[in-house]
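Q: Any chance you could fold what I've pasted below:
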Amino acid sequence: MVELKTDASIDAMHAAGRVVGRALTAVRQAAHVGVSLLELDEVAREVLREAGASSPFLGYRPSFAPTPFPAVICASVNDAIVHGIPTRYRLRDGDLLSVDCGALLDGWAGDSAISFTVGRPRPADLRLIETAERALAAGIEAAVAGNRIGDIAHAVGRVCRGAGYGIPYGFGGHGVGRRMHEDPDVPNEGRPGRGLPLRPGMVLAIEPMVIASGGDGYHAAPDGWTLRTDDGSRAAHVEHTVAVTENGPRVLTAREVP
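A: The predicted structure follows:
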């Protein structure tokens, strides 16, 4: 069932989203060559603590997971698409890092993700990230009352496929509210004019994922969480929590420019 949020609830979700934005900004600022993924997780934990927020990631265990998730961020490096568990791995020059983070504040959730390079960037990685961000912007633009879920999916997929990139099947966005994952699913590829109608009060996480080689194949790593590209090519993942309102889409997880 899809819950329509009131204006007051959307404002409360915006407060949670601001915490997520601060956490992601802090992680990006701390992500230098030689810094470990566990250290980045601690940076995000501190932002959540200071805000009086908790993490919807920590301890989360969906049906596919062999263990509860042990961190407050997902940190996915290079060929990892999503759900990377922070480890002692230390960032290297040229790494592509995708970071996903959520926050629970006063009973409401926010969820967002960024991708960026560490040290000297590869031009191909910058193009990959830029495409993911353009796909996200296109998806947000389509998140208007009167459209359908398929319009968001089509907008995201058209940008990704148009650039020659792959899209991991079965993974995409979702509803957000009292819980991090709610109905409806928001695919990253689909047909316009199809699917659930968008109504004011719906809050959605829109999250493009792109694979550099153009292939769609992926597999779960031995940790049971991290999804990696089958061919070892690099991937990027970006996400915002967005409210459908009578005045157009409202991004609830916007980040300050560092």
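
Q: For the one helix or strand C160 maps to, give me every contacting residue.
A: Element membership for C160 (DSSP states H and E) is helix 149-162. Applying Cβ atoms under 8 Å, 6 or more residues apart in numbering, the set of residues contacting helix 149-162 from outside is 131-132, 134-136, 138-139, 141-143, 166-167, 172-173, 184-196, 198, 204, 206, 208, 210. Heads up, the C-betas are built off the backbone N, CA and C, glycines and all.

Q: swap in stretch 32-40?
A: Applying Cβ under 8 Å, 6+ apart, the contact partners of stretch 32-40 are 27, 30-31, 73, 75, 77, 84, 86-93, 99, 118-119.

Q: Could you count how many residues lie near E141?
A: 14 (other Cβ atoms under 10 Å).

Q: Just give the number of residues close to P222.
A: Neighbours around P222, by other Cβ under 10 Å: 7.

Q: ok now do it, which residues does it touch?
A: Applying Cβ under 8 Å, 6+ apart, no residues contact P222.

Q: That one and G21, how far apart?
A: 32 Å (Cβ to Cβ, to the nearest Å).

Q: for the closest residue to G107 other than its chain neighbours, helix, strand, or coil?
A: Leaving aside its sequence neighbours, G107 sits nearest to R178 (Cβ to Cβ, 6 or more residues apart in numbering; 6.1 Å). Three-state assignment for R178 (DSSP: H, G, I helix; E, B strand; the rest coil): coil.

Q: and R178, what are its phi and psi?
A: phi -70, psi -30 (degrees, to the nearest 10).

Q: Which residues are in contact with it?
A: E3, G107, W108, A109.

Q: Tell me the pLDDT of it.
A: pLDDT, R178: 97.

Q: P258 now?
A: On the pLDDT scale, P258 is placed at 51.

Q: what ranges do the strands span in this structure?
A: In the chain, the strands defined using DSSP state E lie at 73-77, 80-82, 96-105, 108-117, 173-175, 182-186, 203-206, 209-211, 218-220, 227-229, 235-237, 240-245, 248-251.

Q: Give me the contact list for the fifth one.
A: Contact partners of strand 173-175, identified using Cβ under 8 Å, 6+ apart, comprise 2-3, 139, 152, 181-188, 202-207, 239.

Q: what does the second one give?
A: With contacts defined as Cβ under 8 Å, 6+ apart, strand 80-82 is touched by 74, 76, 98, 100, 168, 171, 209, 211, 218, 221, 226-229, 235, 237.

Q: Out of the residues you listed, which comes closest to A16?
A: Nearest to A16 among the contacts of strand 80-82: D100, at 14.9 Å, using Cβ to Cβ.

Q: Single out the most deeply packed of the strands of the chain.
A: strand 235-237 (a mean of 29; mean count of other Cβ atoms under 10 Å).

Q: where does the stretch 101-250 of the chain dip in pLDDT?
A: Within the stretch 101-250 of the chain, no stretch falls below the threshold (pLDDT under 70).
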